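need a structure here:
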Amino acid sequence: MQNRIADILASAGAGAEVVINGWVRTRRDGKGFSFFEVNDGSCLSGIQAVVPGTLGNYESQLAHVTTGSSVRVRGTLVDSPGQGQKYELQASEVFVYGMAPSDYPLQKKKHSLEYLREIAHLRPRTNTIGAVARLRNSLSYAVHSFFQERGFFYVHTPIITASDCEGAGEMFRVSTLDIDNPPRVEGGGIDYGKDFFGKPANLTVSGQLEGETYAMAMGRIYTFGPTFRAENSNTARHLAEFWMIEPEAAFFRLKDDMDLAEDFIRCLCKHALDNNKDDLEFFNRRVSPTVISNIESAASQSFERITYTEAIDKLLSSGNQFQYPVSWGVDIQSEHERYLTEVIFKKPVIVYDYPKEIKAFYMRLNDDGKTVGAMDILVPGIGELVGGSEREDRVDVLISRMRDFGLDESKYWWYLDLRKYGGAPHAGFGLGFERMMLFVTGLQNIRDVIPYPRYPGNAEF
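Predicted coordinates for the structure are as follows:
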């Protein structure tokens, strides 16, 4: 029988006999005994084990235990005389599974997040990345709970696709052809007819288009899986591989979409506050003093809703000098998003009805002919967290929009069929899970909130 430290601290009391397994964070020696601080990853806190020198393997082994070593400790919980800990463990038996050598990279000192990315296989043992991992787990559970409780079906959309959802072409090619000597067609181009799928194929940038097919049969669906962008962006906000949550609902209009997305973000924030108190307090104390207040604000307040035109007007009238000039028709940049949420409204903001030229082909054209029924949700500290829209359900308008984007409509024949055979209004959105993780942790680099970050020049581990 073994006990998780999180369970011990939550329910056990002094006098309980327990067995813990974990890794030694520090070892301090006294006269005839040692203190081992042991953490098993189940929570932020560890337990201090008092290891007496009378144990049979003390002189030969335990007196030489190092930081990073893995151990099993059996003993009795007693009230701790020290500050900052509820209990300590009076050890009656200590077994060493694996002794870490002296060059263990995570010694008892402060390590930069940049350094920890170089040892991504060990960084979950740190307080920061361990807390990130627990929050990812907790919010992943909350994602499924939210949609399941509202009648949405979880759909697994393909990772390999022949469709470019965004129409931007920034996709990773999937091929079994010999890259040094690929087959050629007359004229010199690559003969993809001889490739594995018989046509060009890529890693998906979004499960939305395939998700729509199921929404038009099952009413409400959602996806939650990895997506990929071959975008050469070496910034703190971009990854080449990241996780997206994408609900799609038949008979939803833009307002329904905004309501759902706002409710979703609020639910995730409430879940974190209710279930991850210790980890959030750690981030609030060690990373950013506004983490908890931002989450509480998002969980409790209604989001501001303004049109794109109103947002541009407010930015222009602010008198602020932005790095990227503001005018109607330009895409709202991160600095503009943060100014709206952190300076003007001081809370999350939903901006909707964007110019058609800066949004995707599948977004429903508004009656003014200039804007589409698109919406973005902006939050303090991050900027854009959600992007969504009412989808274009009129087949003639959709074909026209595809042509405007230079897309070959014949490749989207199945997507057009959704409008041809019983088409109906529908809407959806995408939330980048790593962006949500940045919001709830206060961390500044997206590479620190995913276990193994993929970005230009890096596919280590």
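
quick check: Ala299 touching Leu273?
Yes: counting by C-beta atoms under 8 Å, Leu273 is a contact partner of Ala299 at 6.2 Å. (Each C-beta comes from the backbone N, C-alpha and C, glycine too.)

for the chain, which spans come out with low pLDDT?
Applying pLDDT under 70 to the chain flags the ranges 165-169.

longest strand of this structure?
strand 17-30 (DSSP state E).

put the alpha carbons of the helix or strand hosting Leu438 into PDB.
Per DSSP states H and E: Leu438 is located in helix 433-441. Extracted in PDB, the C-alpha atoms of helix 433-441 (Å, rounded to 0.1, in the frame of the first residue of the first chain):
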ATOM      1  CA  PHE A 433      -5.500  25.400 -24.900                       C
ATOM      2  CA  GLU A 434      -2.000  26.700 -24.400                       C
ATOM      3  CA  ARG A 435      -3.300  30.300 -24.600                       C
ATOM      4  CA  MET A 436      -5.700  29.400 -21.800                       C
ATOM      5  CA  MET A 437      -2.800  27.900 -19.800                       C
ATOM      6  CA  LEU A 438      -0.900  31.200 -20.200                       C
ATOM      7  CA  PHE A 439      -3.900  33.000 -18.800                       C
ATOM      8  CA  VAL A 440      -4.300  30.800 -15.700                       C
ATOM      9  CA  THR A 441      -0.500  30.600 -14.900                       C
END
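
tell me which residues are up against it.
Contacts made with helix 433-441 from outside it, assessed by C-beta atoms under 8 Å, 6 or more residues apart in numbering, are listed as 131-132, 135-136, 139-140, 143, 224, 237, 239, 242-245, 265, 268-269, 272, 280, 283, 287, 291, 294-295, 298, 379, 381-382, 384-385, 443-444, 446, 449-450.

gap between the two ends of stretch 121-132?
Terminal residues of stretch 121-132 lie 14 Å apart, using C-alpha to C-alpha, to the nearest Å.

can you check stretch 73-90 too?
9 Å.

cool, and stretch 384-396?
Terminal-residue distance, stretch 384-396 (C-alpha to C-alpha): 31 Å.

and stretch 320-331, how far out from the chain's middle?
Distance of stretch 320-331 from the chain centroid (C-alpha atoms, centre = their mean, to the nearest Å) equals 28 Å.

and the very next helix or strand once past the longest strand of the chain, what's buried?
Next along the chain after strand 17-30, taking DSSP H and E as the criterion, comes strand 33-39. Buried positions in strand 33-39, judged by neighbour count with 16 or more other C-beta atoms under 10 Å: 33-34, 36-39.

by how many degrees do the very next helix or strand once past strand 33-39 and strand 33-39 diverge?
If you walk from strand 33-39 toward the C-terminus, the next helix or strand you reach (DSSP H and E) is strand 47-52. Strand 47-52 and strand 33-39 are oriented at 160 degrees to each other (axes from the mean of the first three to the mean of the last three C-alpha atoms, to 10 degrees).

so which elements touch strand 47-52?
helix 5-11, strand 33-39, strand 70-79, strand 87-98 (3 or more C-beta pairs under 8 Å, 6 or more residues apart in numbering; DSSP states H and E).

show me the helices in the protein, by range?
5-11, 113-118, 127-149, 208-218, 254-275, 277-286, 291-300, 308-317, 334-339, 395-404, 413-420, 433-441 (DSSP state H).

now the nearest residue to Ala63 once chain neighbours are set aside: how far from Tyr58?
Closest residue in space to Ala63, ignoring its immediate chain neighbours: Ser34 at 6.6 Å, by C-beta to C-beta, 6 or more residues apart in numbering. Note on Ser34: its distance to Tyr58, by C-beta to C-beta, to the nearest Å, is 8 Å.

what do the two both touch?
Val51.

how about stretch 452-460: buried residues?
So, applying 16+ other C-beta under 10 Å, buried residues of stretch 452-460: 453-455.

now for the residue lying closest to Lys314 once chain neighbours are set aside, how many residues are close by?
Residue nearest to Lys314 in three dimensions, not counting chain neighbours: Ile344, with 5.8 Å by C-beta to C-beta, 6+ apart. Neighbour count for Ile344, taken as other C-beta atoms under 10 Å: 17.

apart from its neighbours in sequence, what residue is nearest Asn445?
In space, Asn445 is closest to Ala236, 4.3 Å off (C-beta to C-beta, 6+ apart).

same check on Ile20?
Val73 (5.3 Å).

check Phe228 too.
Leu203 (3.9 Å).

just checking, that neighbour touches Gly225?
No: using C-beta under 8 Å, Leu203 is not in contact with Gly225; the gap is 11.4 Å.

was I right about Asn320 contacting Arg338?
No: counting by C-beta under 8 Å, Asn320 stays clear of Arg338, with 11.2 Å between them.

those two - which one has more neighbours?
Between Asn320 and Arg338, counted using other C-beta under 10 Å, the more crowded position is Arg338 (17 against 13).

sounds good, over and out.
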